[in-house]
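K.L.:
test case, fold it:
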Amino acid sequence: MKRRNDSTMAQAIDRLVDAYGLREKLDEREVASLWDELAGGMVAKHTVAVKLRRGKLYIKVDSAPLRHELTFMREALKSSVNARMGRNVVQEVLLD
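P.N.:
Residues are numbered from 1 along each chain as shown. Below is the predicted model:
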């Protein structure tokens, strides 16, 4: 019989992560680790940095033509990251 205050281990860990303010940093690490798969090999090869701050995904690439091409793909990148994360983590994609 389950008591009212019982919760699963995943729920307890999620509450701890939120309580200690670690959610954004964990999300950033997860997005960075998934970047190769999400962006594709050629884009990932030219990516210098991927950072997530307050809902904004900052992507730095070493190629001006690629940066220009990615400006047209911002919405698709945002959608694919959010779909993979299972929730709205990215509100805006910014290129540098």
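
K.L.:
what residues sit buried inside stretch 41-48?
P.N.:
Of the residues in stretch 41-48, 43, 46-47 count as buried by neighbour count, 16 or more other Cβ atoms under 10 Å. Any C-beta I mention is one placed from the backbone N, CA and C, and that applies to glycine too.

K.L.:
can you check stretch 75-94 too?
P.N.:
So for stretch 75-94, counting by 16+ other Cβ under 10 Å, buried means 77-78, 80-81, 89-90, 93.

K.L.:
can you tell me what sits against the helix or strand harbouring S79?
P.N.:
Assigned by DSSP states H and E, S79 falls within helix 74-85. Contact with helix 74-85 is made by 27, 30-31, 34, 38-39, 57, 59, 70, 88-93, 95, as judged by Cβ atoms under 8 Å, 6 or more residues apart in numbering.

K.L.:
sort out which of these are in helices and list them.
P.N.:
Counting by DSSP state H, the contacts of helix 74-85 place 27, 30-31, 34, 38-39, 70 in helices.

K.L.:
of the buried residues of stretch 75-94, which is the nearest to I13?
P.N.:
Lowest distance from I13 to these (Cβ to Cβ) belongs to V89, with 17.7 Å.

K.L.:
got a list of what the closest residue to the closest one other than its chain neighbours touches?
P.N.:
Nearest residue to V89, sequence neighbours excluded (Cβ to Cβ, 6 or more residues apart in numbering): D27, at 5.1 Å. Counting by Cβ under 8 Å, 6+ apart, D27 touches 52, 85, 89.

K.L.:
for N5, see how far away A83 is.
P.N.:
Distance of A83 to N5, given as Cβ to Cβ, to the nearest Å: 33 Å.

K.L.:
list the contacts for the most centrally placed residue in the chain?
P.N.:
With distances taken as Cα atoms, centre = their mean, the residue of the chain nearest its centroid is V31 (3.5 Å). Neighbouring residues of V31 by Cβ under 8 Å, 6+ apart: 38, 50, 52, 57, 81, 85, 89-90.

K.L.:
ok, now V61?
P.N.:
43, 46-48, 67, 70, 95-96.

K.L.:
look up how far L52 lies from it.
P.N.:
Remark: distance between V61 and L52 (Cβ to Cβ) = 16 Å.
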